[in-house]
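K.L.:
just the structure for this:
(one chain, ligands or ions: 1)
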Amino acid sequence: MRTRDNIIEKYTIHFEIHDFGFLLPGLDDILRLKRIYPNFKITCFTIPLPREFYLKENAKHFKIEKYKRWAEIINSYEWMEIGMHGFSHTPMEMGVDYYKTIDMIKATENLWNEVGLKFKKICVAPFWQYSYEALNALKDKGYAVGLNRNNPIPVPKGLETFLFTWSVEEPILSAGYDVIAHAHTTSRGVRNGLAQSYNNIISVLPKEVKFDFLSNLIKKQYEENNKEKGNKEGGD
Ligand SMILES: [Zn+2]
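P.N.:
Below you'll find the predicted structure:
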């Protein structure tokens, strides 16, 4: 039985959200959670250039100067970290060959470096659609990759991966003291939109619960793995 005190004492929540981005809705709902939880931290899987802005009538809003000002605000939130969520969030964007994936990663890094947005080398593909080649490209570029808990796939050796353990609409917190909480900025076509799951989140997570960035958990888990391997293999 997970009591309130037990959760506060032993659990750490690694909160991640999909479909975040410049000119996209969702920041208000994140700020609302931040006001509730004093220790709040969140990892935002961000769409660099959403396909909506390829349309002429929307394109005029997508100004690099505005993007820079937005990046400054996001960078100033020390409780927030940014990861990559495709480039334009189109289906099969990361279902392509090795070099196309490398190009996409470079395009994202170039854009974010240009606007000055700080980011971590963690990635979730739109709709979790990966080709094996894309996973190899992400590995070679130093990215850790999020896979779908409900549809695990084979991955290249040496690729760092993570699976979410609690989708925020679920009434019961997952087992294990490190929880990877999974949400979406919008409610369109999903059950774990932040606004629609808001009441469930505050009923499951006590106000004083600990949070940490997802990137820190991945680092910790892989350092431990490597240490264990080193102990086993190092025989000199
Ligand atoms: Zn998405």
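
K.L.:
show me what from the chain comes close to the ion.
P.N.:
18-19, 126 (CB under 5 Å from the ion). Where C-beta positions appear, they are placed from N, C-alpha and C, glycine not excepted.

K.L.:
shaky segments in the chain?
P.N.:
Counting by pLDDT under 70, the low-confidence segments of the chain come to 1, 231-236.

K.L.:
show me where the chain has strands.
P.N.:
Remark: strands assigned in the chain by DSSP state E are 12-20, 42-46, 80-84, 122-123, 144-147, 161-163, 166-167, 178-184, 210-211.

K.L.:
can you list those strands in a markdown table and add mean neighbour count?
P.N.:
Formatted as a markdown table, the strands of the chain follow (neighbours: other CB atoms under 10 Å):
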| stretch | mean neighbour count |
| --- | --- |
| strand 12-20 | 23 |
| strand 42-46 | 25 |
| strand 80-84 | 23 |
| strand 122-123 | 24 |
| strand 144-147 | 23 |
| strand 161-163 | 17 |
| strand 166-167 | 21 |
| strand 178-184 | 23 |
| strand 210-211 | 18 |
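
K.L.:
so can I have CSV of the ones you listed showing distance to Tyr222?
P.N.:
Formatted as CSV, those follow (distance: least, CB to CB, whole Å):
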stretch, distance to Tyr222
strand 12-20, 14
strand 42-46, 16
strand 80-84, 16
strand 122-123, 12
strand 144-147, 8
strand 161-163, 10
strand 166-167, 21
strand 178-184, 13
strand 210-211, 20
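
K.L.:
name the nearest residue to the residue most central in space within the chain, sequence neighbours excluded.
P.N.:
Nearest to the mean C-alpha position of the chain, by CA atoms, centre = their mean, lies Phe45 at 3.9 Å. Once flanking residues are discounted, Phe45 sits nearest to His85: 3.8 Å by CB to CB, 6 or more residues apart in numbering.

K.L.:
touching, that neighbour and Phe20? I think so.
P.N.:
Yes - between His85 and Phe20 a contact is recorded at 7.4 Å, counting by CB atoms under 8 Å.

K.L.:
overlap in contacts of the two?
P.N.:
Contact criterion CB atoms under 8 Å, 6 or more residues apart in numbering; residues shared by His85 and Phe20: 45-47.

K.L.:
which of these sits closest to Ala175?
P.N.:
Nearest to Ala175 among the shared contacts of His85 and Phe20, counting by CB to CB, is Phe45 at 23.9 Å.

K.L.:
list the contacts of that closest one.
P.N.:
Phe45 neighbours (CB under 8 Å, 6+ apart): 16-20, 83-85, 122-124, 146.

K.L.:
and the furthest pair within these?
P.N.:
Distances among the contacts of Phe45 were taken as CB to CB; the most separated pair is Asp19 and Ile122, at 15.2 Å.

K.L.:
list the buried ones in stretch 215-223?
P.N.:
Going by neighbour count (16 or more other CB atoms under 10 Å), the buried part of stretch 215-223 is 215, 217-218.

K.L.:
centre of the chain to it, how far?
P.N.:
14 Å (CA atoms, centre = their mean, to the nearest Å).
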